[in-house]
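[1] Could you work out the structure for the sequence below:
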Amino acid sequence: MSAPAKLRTSAMIASFADPGQKTAPAPFGHAMVQAAEADPRIVGLTADLGKYTDMHVFAKAFPERFFQMGMAEQLLFGAAAGMAETGLVPFASTYSVFAARRAYDFICLDIAEPGLNVNIVGGLPGLTTGYGPSHQATEDMAIFRGVPGLTIVDPCDSVDIEQAVPQLAASPGPTYLRLLRGQVPTVLDEYDYSFELGKAKVLRGGNDVVLISSGLMTMRALAAARELAAHNVDVAVVHTPTIKPFDAETVLEQVDSDRLVVTCENHTVVGGLFETVAAEVVRRGLGKQVVPVALPDEFLAAGALPTLHERYGLSTARVVATVLDRL
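    Residues are numbered from 1 along each chain as shown. Got it, this is the predicted structure:
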């Protein structure tokens with residue numbers, strides 16, 4: 001008898017995967033199931049978005065440990081806090097815009113202030129949907145970076161997500177995961193990479209340029225590095241999946257050279273990876289210019305993702321053009 005096919009998420013939300021790219025279906029949902037098999041304390045909650053945050057995979061495997069809270073994000077995180085107080089390990093999923101904008105006070109005071117092990121899972125981070133400003137969480141990291149003790153993870157691909165879930169569950173305090181859902185690209189398996197919470201990793205070396213990236217932009221940075229080689233430009237790529245706490249030692253070791261330094265992030269230029277790196281550069285007195293590739297400080301248009309990524313500078317071609325313009 002053949003093994004049952006893995007559950008797949010709805011195609012209603014477009015994938016950012018390139019045509020023909022290797023992908024994995026619902027890596028967060030399947031990682032949740034695997035982690036829950038090993039840890040009976042893990043529970044899953046969602047705010048009427050199980051299918052769109054891959055939580056439906058967990059719900060099918062562990063219906064008695066899944067809680068559908070309806071379209072009530074403040075209730076979602078308040079309930080998750082209560083569960084954590086009893087010793088459970090909740091993963092609570094909704095769209096990033098609703099977690100960051102609508103439920104901030106509950107996350108801050110019910111979860112972060114007492115330091116509870118609640119894992120906030122935010123779908124559609126940055127520009128991963130064409131639905132417009134109501135669903136594009138372009139400022140979520142800027143909002144959450146100010147919450148004391150909150151760990152922020154911005155994964156690149158299915159490898160990052162699969163390996164991050166058990167580490168987030170084991171981390172004693174609150175976490176925020178910028179979820180990539182549906183058919184998620186698999187990229188980092190080709191770079192002898194493993195996710196370590198709180199650590200940045202040098203994926204490839206290079207003598208001319210250093211691209212410091214997080215989230216899906218690490219995929220674009222690696223692609224840009226390959227294209228720039230055709231221009232005789234040697235590019236290093238440093239992946240920083242944990243935005244807070246930030247691995248300044250690894251990153252600044254790469255920054256402190258005569259190479260061009262560019263940050264790449266799927267987030268507004270305000271309050272995200274660029275400003276995190278720039279602040280550390282100033283704090284250490286390196287006197288180094290850092291060039292941002294990031295979303296502009298504005299509400300973005302609706303439309304098809306490839307068109308929007310090209311328009312707002314996140315496409316591989318735009319990263320290549322930015323580097324060549326600065327050299």
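[2] in this structure, which spans are strands?
    Per DSSP state E, the chain carries strands over the ranges 23-25, 42-46, 66-68, 89-95, 119-123, 151-153, 175-178, 183-185, 201-204, 209-213, 235-239, 242-244, 260-268, 291-295.
[3] so which of those gets nearest Gln136?
    strand 291-295 (8.7 Å; C-beta to C-beta). Where you see a C-beta, it was placed from the backbone N, CA and C, and this is true even at glycine.
[4] Residues touching that closest one, excluding its own?
    126-127, 138, 217, 260-269, 272-274, 312-314, 318-319, 322, 326 (C-beta atoms under 8 Å, 6 or more residues apart in numbering).
[5] make it 6 Å
    Here strand 291-295 makes contact (C-beta atoms under 6 Å, 6 or more residues apart in numbering) with 138, 262-265, 268-269, 274, 312-313, 319, 322, 326.
[6] ok, now stretch 258-277?
    126-127, 138-139, 141-142, 209-217, 221, 246, 255, 290-295, 297, 326.
[7] same question, stretch 190-200
    In contact with stretch 190-200 (C-beta under 6 Å, 6+ apart) are residues 160, 163-164, 167, 201, 203, 238, 240, 242, 245, 247, 250-251.
[8] Quick check on these: which are buried?
    160, 163-164, 167, 201, 203, 238, 240, 242, 247, 250-251 (16 or more other C-beta atoms under 10 Å).
[9] Hmm, Asp234 is touching Asp208, no?
    Yes. Using C-beta atoms under 6 Å, Asp234 makes contact with Asp208 at a distance of 4.6 Å.
[10] Contacts only, for Leu286.
    Contacts of Leu286 (C-beta under 6 Å, 6+ apart): Asp256.
[11] Adding mean pLDDT and distance to Asp54, write the strands of the chain out as TSV.
    Shown next, in TSV, are the strands of the chain (pLDDT from 0 to 100; distance: least, C-beta to C-beta, whole Å):
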stretch	mean pLDDT	distance to Asp54
strand 23-25	96	9
strand 42-46	98	10
strand 66-68	98	12
strand 89-95	98	8
strand 119-123	98	8
strand 151-153	98	16
strand 175-178	98	11
strand 183-185	95	9
strand 201-204	98	24
strand 209-213	98	23
strand 235-239	98	22
strand 242-244	98	21
strand 260-268	98	18
strand 291-295	98	24
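[12] could I get those as CSV with distance to Ile111?
    Formatted as CSV, the strands of the chain follow (distance: least, C-beta to C-beta, whole Å):
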stretch, distance to Ile111
strand 23-25, 29
strand 42-46, 12
strand 66-68, 16
strand 89-95, 9
strand 119-123, 8
strand 151-153, 12
strand 175-178, 10
strand 183-185, 26
strand 201-204, 28
strand 209-213, 28
strand 235-239, 27
strand 242-244, 15
strand 260-268, 22
strand 291-295, 27
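[13] To Ser15, which of these lies closest?
    Short answer: strand 183-185, nearest of the strands of the chain by C-beta to C-beta, at 4.8 Å.
[14] which outside residues touch the closest one?
    So strand 183-185 is contacted by 15, 17, 21, 23-25, 27, 157-158, 219 (C-beta under 6 Å, 6+ apart).
[15] Could you list the buried residues of it?
    For strand 183-185, by 16+ other C-beta under 10 Å, it's 183-185.
[16] got it, and stretch 223-242?
    In stretch 223-242, counting by 16+ other C-beta under 10 Å, buried: 223-225, 227-228, 233, 235-242.
[17] Return the member of the residues you listed nearest to Gly50.
    For those, the nearest to Gly50 is Pro241 (24.6 Å; C-beta to C-beta).
[18] picking that back up, give me the buried entries from the contacts of strand 291-295.
    Buried among the contacts of strand 291-295 by 16+ other C-beta under 10 Å: 138, 262-265, 268-269, 274, 312-313, 319, 322.
[19] Just give me the closest of those residues to Ile152.
    Once C-beta to C-beta is applied, the member of the buried ones among the contacts of strand 291-295 that ends up nearest Ile152 is Glu265, at 11.9 Å.
[20] Excluding covalently adjacent residues, which one is nearest to that closest one?
    In space, and not counting its chain neighbours, Glu265 is closest to Leu273: 4.0 Å by C-beta to C-beta, 6 or more residues apart in numbering.
[21] The residue nearest the centre of the chain and Thr240, how far apart?
    Centroid check for the chain by C-alpha atoms, centre = their mean gives Asp154 as the closest residue, at 2.4 Å. Going from Asp154 to Thr240 by C-beta to C-beta, to the nearest Å gives 8 Å.
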